[in-house]
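1. all I have is the shape, not the residue letters:
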């Protein structure tokens, strides 16, 4: 069988000779494309941070060799042999995912990006749904993913991957439905999952009046740069958790300003909220 392929290539080889410039361009393009796809596979996972750490260690190894720090270089160089095995263990989920995508022929699916909705439309959908939930005193917990991936949180819930809409958000949190107690995770312009479990905060200084939703919102904001919107089931008060801080008693205007910072990607200030909300509401 292999001999047959060899004969075929020997026949067509004279007709596919490229100039050396085109050949190198194609070669570099293929390598760049493969690296791009690999980065897409690990984006949004903890492996992304591990890869950054390994890059720093590699740089430190080369630097120690140049500066002739022999002891440091020896330690880092010998650690690299163990690092190969560690890479296989750490990246095992990503490697399995890549092989599954190759087997299903889906490796190119994420290369072609879909146009997202107008950010203003997304903001209006979220604000309107949160307002309606607050008016009806329907408890809700909405997490918006930002730069740090929270795939491990999404895996704990029921994957939806549906277009973000206010109607869908409100319907998920209807009382006594299967998903109303968990958190909804929003990624870009899509609802990634619902019914997700979030880590609770370890902060013992927060008010005892705050329930599990608020503690979970603080928890996810402490381990990532995600923001969490909470609607209290008892009072209908809208709250926001960001960077381990909880801001309460938000109105639609403040919430809209926050979401503009997320979706329109403006330069981020220290706080997501207008000045009038920072001084009196941040705890």
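-> Noted; the coordinates are in hand. Every value quoted in this text rests on a predicted model; they were computed, and no experiment measured them.
2. tell me where the stretch 151-283 of the chain has helices.
-> Taking DSSP state H, counting those that start in this stretch as the test, the helices found in the stretch 151-283 of the chain are 151-154, 166-172, 212-223, 252-263, 275-281.
3. make TSV out of those and add distance to residue 191 and mean neighbour count.
-> Every C-beta, even on glycine, is put in place using the N, C-alpha and C of the backbone. Output for those, formatted as TSV (distance: least, Cβ to Cβ, whole Å; neighbours: other Cβ atoms under 10 Å):
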stretch	distance to residue 191	mean neighbour count
helix 151-154	10	19
helix 166-172	6	17
helix 212-223	16	21
helix 252-263	14	18
helix 275-281	27	12
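4. which one, of these, ends up nearest to residue 82?
-> helix 151-154 (25.1 Å; Cβ to Cβ).
5. give the rounded mean pLDDT of the closest one.
-> Looking at helix 151-154 alone, the average pLDDT works out to 89.
6. follow-up on the earlier one: which of the helices of the stretch 151-283 of the chain comes out lowest on mean pLDDT?
-> The lowest average pLDDT among the helices of the stretch 151-283 of the chain, as it happens, falls on helix 275-281, at a mean of 45.
7. if we can go back for a sec, make a markdown table out of the helices of the stretch 151-283 of the chain and add distance to residue 37.
-> Formatted as a markdown table, the helices of the stretch 151-283 of the chain follow (distance: least, Cβ to Cβ, whole Å):
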| stretch | distance to residue 37 |
| --- | --- |
| helix 151-154 | 17 |
| helix 166-172 | 31 |
| helix 212-223 | 27 |
| helix 252-263 | 26 |
| helix 275-281 | 42 |
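8. could you list the domains of this structure?
-> 2-107, 119-281 (automatic domain parsing).
9. hey, least reliable of the ones you listed by pLDDT?
-> Note on the domains of the chain: domain 2-107 shows the lowest mean pLDDT, a mean of 70.
10. and the strands in this structure?
-> Assigned by DSSP state E, the strands in the chain fall at 140-144, 158-163, 183-187, 190-196, 227-231, 238-242, 245-247.
11. any residues touching the longest one, and which ones?
-> Right, the one you point to is strand 190-196. When contacts are defined by Cβ atoms under 8 Å, 6 or more residues apart in numbering, strand 190-196 is touched by residues 143, 145, 153-154, 156-164, 168-169, 172, 178-179, 181-186.
12. on that earlier part again, out of the strands of the chain, the one nearest residue 210 is which?
-> strand 245-247 (7.5 Å).
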